[in-house]
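Enquirer: Generate coordinates for the sequence data below:
(chains A and B)
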Amino acid sequence: MAVNGALAFDGVAFSYGNVAALRDVSFEVAAGERVALLGRNGAGKSSVVRLVTGVLHPDEGTVWVGDWDTAGRAPEELAWRVGSVFQHADQQLFARTLREDVSFGPRALGFPAPEVRRRTDEALDALDLHAHAAQHPYDLSPALRKLAALAGALALEPTVLVLDEPTAGLDRAGRGRVADAVREHADRGAALLVVTHDLAFAAETLQRGIVLDRGRLACDEPLDRLLTSAERLKPLGLVPPPVAALSVALDLPGRPVRERDAADTLARVAGGRSRS
Amino acid sequence: MSALHPFSLLAIAAALPAFAWILPAPTGGLATAGLALMLPLVPDPRWGVRVVRLALLTAAPFWLFLRLLHDGPTTVAIGGRITTMVASFVWLVAVLSPDRLVEAMVARGWSLAVAYVFAATLSAVPVLKARARRIVEAQRCRGLSPRGSVANRLRALRALALPLVLSALHEVDERTLALETRGLGAGVPRTPLAAPPDRPAERVARWALLLLCLAALIWRLA
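Expert: Predicted coordinates for the structure are as follows:
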């Protein structure tokens, strides 16, 4: 397989003992692309995250991070290229201050102090966490600890960012902060792979949807097309987000799935009707 | 083995270390260590080997430190006793379901709070083990290498141990609140739904173990 993308799965299979988690999964994520990894619980999404980070290695096939085959590479080596936030990421915080914790990754990789400071400041800025930088992570709410864990991953400035349920437990404002931060990071050229059940977040933030079903790749296409196809989502255990459902119900031109796009389209349609 | 009444399992796990310290060293300690290491092999040798391996790995550092501090005979004498304690506890954690223990204690009229202390201690082991694994993975993904020199490993230890302890302590708050709101402190006896059966033979065996311990103690003191 020619490796063009920042991240590529080539015929990957993985089992936990006798239980197959992934079977013959292949896809690529290009630099700057924002991809949602969707599917029911147990479909194999978290296994994909663990394979990308090097916590697991495939039984068959190859996982490519750029031109690196992850086989034989430890997670700490892949940390040069892959930033990750796991489901219980807030449990990894340990430093005395949030700033110190966010700077942990760049320090562990041995960057010089000025570079560590720059990366830490930028990551804190991206998630609007400067006001809490001097606080102990465990004095923060679980939602802020989740943002802190994401800031720690952003501080690595990875070329591939994989997030497992980054919006779970976050309110609308928190989800907005995550959306802005990851969009900005992808705009700088990082490939983004987000495991999520939050299809509204996916519709607003991500471009392409990959759906896993019982360990197999069931779908790989642009999210706006996928999310407006309720009949295809249903057998995969997914429900269209409200804006996508509204677009379909009103038969809006272009079937927008993002709030702003839907509002613009509605305004155009309403404007057209009032003129006529 | 796990079909035994939880009190019987506790009695065996408590009696073996008691015998280890009461009976003359090194024979007593080594014999009880041997028994404690054989216990897991009885129901299922393949499962038992894993338990025995864990017990031996846990006991190994104690032997190392004892050897650094003492001569050979003292090391064997104390090492046998410590191995008995470790192997008994590892076997107990592997074989005793915390839920069954709580049910048995409640059925016998113990306070739920006391039962919870026992159960929480036992159930914490697999939970903390899983959490420790998650933390190690997360920190390695942030570039932390837990390998290499001793100094490197010690540096890594802080990043691995602190989140485990902090998150566990933090969880205590939430767990306490959850239990309080579900009536833990209601002050009325809890209804046991599936109290484990306590056969007369097991009750006799438990009393026999206790009497044997007392007899051994009297014999040693006499």
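
Enquirer: need the helices for chain B, in chain order.
Expert: Assigned by DSSP state H, the helices in chain B fall at B:6-22, B:27-38, B:45-69, B:72-95, B:98-107, B:112-141, B:150-181, B:200-221.

Enquirer: can you redo the ones you listed as TSV with mean neighbour count?
Expert: Backbone N, C-alpha and C define where each C-beta goes, glycine included. Shown next, in TSV, are the helices of chain B (neighbours: other C-beta atoms under 10 Å in any protein chain shown):
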stretch	mean neighbour count
helix B:6-22	21
helix B:27-38	20
helix B:45-69	14
helix B:72-95	21
helix B:98-107	20
helix B:112-141	17
helix B:150-181	14
helix B:200-221	13
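
Enquirer: got those as JSON lines, with distance to chain A and mean pLDDT columns?
Expert: Shown next, in JSON lines, are the helices of chain B (distance: least, C-beta to the nearest C-beta, whole Å; pLDDT from 0 to 100):
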{"stretch": "helix B:6-22", "distance to chain A": "28", "mean pLDDT": "95"}
{"stretch": "helix B:27-38", "distance to chain A": "26", "mean pLDDT": "95"}
{"stretch": "helix B:45-69", "distance to chain A": "14", "mean pLDDT": "93"}
{"stretch": "helix B:72-95", "distance to chain A": "19", "mean pLDDT": "94"}
{"stretch": "helix B:98-107", "distance to chain A": "22", "mean pLDDT": "85"}
{"stretch": "helix B:112-141", "distance to chain A": "4", "mean pLDDT": "81"}
{"stretch": "helix B:150-181", "distance to chain A": "4", "mean pLDDT": "79"}
{"stretch": "helix B:200-221", "distance to chain A": "35", "mean pLDDT": "94"}
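
Enquirer: Among these, which comes closest to A:G215?
Expert: Minimum separation from A:G215 across the helices of chain B (C-beta to C-beta) falls at helix B:112-141, 20.9 Å.

Enquirer: can you give me how far that closest one is from the chain middle?
Expert: Averaging C-alpha positions (C-alpha atoms, centre = their mean, to the nearest Å) puts helix B:112-141 13 Å from its chain's average.

Enquirer: That one packs against which elements?
Expert: In terms of contacts (3 or more C-beta pairs under 8 Å, 6 or more residues apart in numbering or on different chains; DSSP states H and E), helix B:112-141 is packed against helix A:45-53, helix A:75-78, strand A:82-85, helix B:72-95, helix B:98-107, helix B:150-181.

Enquirer: Point out the one among the helices of chain B that comes closest to A:I210.
Expert: Comparing the helices of chain B against A:I210 with C-beta to C-beta, the closest turns out to be helix B:112-141 (21.1 Å).

Enquirer: In TSV: the helices and strands packed on helix B:112-141, plus distance to B:W47.
Expert: Shown next, in TSV, are the helices and strands packed on helix B:112-141 (distance: least, C-beta to C-beta, whole Å):
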stretch	distance to B:W47
helix A:45-53	26
helix A:75-78	30
strand A:82-85	34
helix B:72-95	8
helix B:98-107	18
helix B:150-181	27
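
Enquirer: Of all those, which one comes closest to A:S103?
Expert: helix B:150-181 (12.5 Å).

Enquirer: tell me the angle that closest one makes with helix B:112-141.
Expert: Comparing the axes of helix B:150-181 and helix B:112-141 via axes from the mean of the first three to the mean of the last three C-alpha atoms, to 10 degrees yields an angle of 140 degrees.

Enquirer: State the distance from the residue most central in space within chain A to A:D164.
Expert: Closest to where the C-alpha atoms of chain A average out (C-alpha atoms, centre = their mean) is A:V194, at 2.1 Å. According to C-beta to C-beta, to the nearest Å, A:V194 stands 8 Å off from A:D164.

Enquirer: Nearest to A:R214, out of the helices of chain B?
Expert: Set against A:R214 and scored by C-beta to C-beta, these come closest in helix B:112-141, at 24.3 Å.

Enquirer: so what's the spatially most distant residue from the centre of chain B up against?
Expert: Most distant residue from the mean C-alpha position of chain B: B:G143, 33.8 Å away (C-alpha atoms, centre = their mean). Contacts for B:G143 (C-beta atoms under 8 Å, 6 or more residues apart in numbering or on different chains) come out as A:E76, A:A79, A:W80, A:F104, A:G105, A:P106, A:A108, A:L109, A:L156.

Enquirer: at 6 Å instead, please
Expert: A:E76, A:A79, A:G105, A:A108, A:L109 (C-beta atoms under 6 Å, 6 or more residues apart in numbering or on different chains).

Enquirer: next one: A:S84
Expert: By C-beta under 6 Å, 6+ apart, the residues touching A:S84 are A:T53, A:A153, A:V162, B:C141.

Enquirer: sec struct for the third one, please.
Expert: Which is A:V162. strand (DSSP: H, G, I helix; E, B strand; the rest coil).

Enquirer: rewinding a little: would you reformat the contacts of B:G143 as CSV and include distance to B:L209, neighbour count and pLDDT?
Expert: CSV is the format used below for those (distance: C-beta to C-beta, whole Å; neighbours: other C-beta atoms under 10 Å in any protein chain shown; pLDDT from 0 to 100):
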residue, distance to B:L209, neighbour count, pLDDT
A:E76, 50, 20, 92
A:A79, 53, 25, 93
A:G105, 54, 28, 91
A:A108, 52, 20, 89
A:L109, 57, 19, 90
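
Enquirer: Would you check which pair of those lies furthest apart?
Expert: Across these, the longest distance by C-beta to C-beta is 10.1 Å; it joins A:E76 and A:G105.

Enquirer: Quick check: end-to-end length of stretch A:80-99?
Expert: End-to-end distance for stretch A:80-99, by C-alpha to C-alpha, to the nearest Å: 20 Å.

Enquirer: ok, the residue positioned nearest the centre of chain B to B:V125 distance?
Expert: Nearest to the mean C-alpha position of chain B, by C-alpha atoms, centre = their mean, lies B:F89 at 3.1 Å. When C-beta to C-beta is applied, the distance between B:F89 and B:V125 equals 10 Å.

Enquirer: got it, and B:G187?
Expert: For B:G187 relative to B:V125 (C-beta to C-beta), the value is 30 Å.

Enquirer: okay, now A:D139: neighbour count?
Expert: A:D139 has 11 neighbouring residues, counting by other C-beta atoms under 10 Å in any protein chain shown.

Enquirer: can you check A:E28 too?
Expert: A:E28 has 19 neighbouring residues, counting by other C-beta under 10 Å.

Enquirer: doesn't A:G5 make contact with it?
Expert: Yes: using C-beta atoms under 6 Å, A:E28 is in contact with A:G5, at 3.6 Å.

Enquirer: Now the common contact residues for those two.
Expert: In terms of C-beta under 6 Å, 6+ apart, A:E28 and A:G5 are not both contacted by any residue.

Enquirer: Please enumerate the helices of the stretch 1-150 of chain A.
Expert: Using DSSP state H, counting those that start in this stretch, the helices of the stretch 1-150 of chain A run over A:45-53, A:75-78, A:98-102, A:104-108, A:113-126, A:142-154.
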